[in-house]
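*Asks:* prediction below, plus the sequence it came from.
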Amino acid sequence: MPDRDVSLLRPYLLTSGRTEPIDRNLEIETQVLTSELGAASHASLSFERRDIVALCTKPVSVAEVAAILGLHIGVARILVADLAALRYLVVHRPVAGLAGDPAMIERIIRRLEAIS
């Protein structure tokens, strides 16, 4: 059985204790894509950051990043925002009409269900 204190400490360590991303407007449906700088820097990144950069070689939503990598959505938002601020990821914010796209909503729901 995993140590409960260790599992609670991990998200804290990943985010350096932060609970809000640098970009507070980063929505879970925002699409992110690895930049040329991110691809070139991939090997020098650590653990989850390297995994996110590797995953985003095609457009992926923040919610999908969380679901695929098994991260809490808040942790994923913080890490994605950090990588975007460093220009390792390119952020493509949804346009107003995209949020009402049933296919997109279904994709996000399926990925969120995969987390639990």
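*Replies:* That came through, no problem. The model shown is predicted, which means the values in this text are computed figures rather than measured ones.
*Asks:* skipping its backbone neighbours, what lies nearest the residue positioned nearest the centre of the chain in space?
*Replies:* Central residue of the chain (CA atoms, centre = their mean): A76, 3.7 Å from the mean position. Of all residues beyond its chain neighbours, the one nearest A76 is A66 (3.7 Å), with distances taken as CB to CB, 6 or more residues apart in numbering. Any C-beta I mention is one placed from the backbone N, CA and C, and that applies to glycine too.
*Asks:* so that neighbour sits against I115, correct?
*Replies:* Yes. If you go by CB atoms under 8 Å, A66 and I115 touch, sitting 6.5 Å apart.
*Asks:* compare neighbour counts for these two and give me the winner.
*Replies:* Between A66 and I115, A66 has the larger neighbour count (other CB atoms under 10 Å), namely 24 against 15.
*Asks:* need the contact list for that one.
*Replies:* 28, 72-73, 75-76, 111-112, 115 (CB atoms under 8 Å, 6 or more residues apart in numbering).
*Asks:* tell me what the helix or strand hosting E48 is packed against?
*Replies:* Using DSSP states H and E, the element containing E48 is helix 47-55. Helix 47-55 sits against helix 36-41, helix 62-69, helix 73-85, with contacts defined as 3 or more CB pairs under 8 Å, 6 or more residues apart in numbering; DSSP states H and E.
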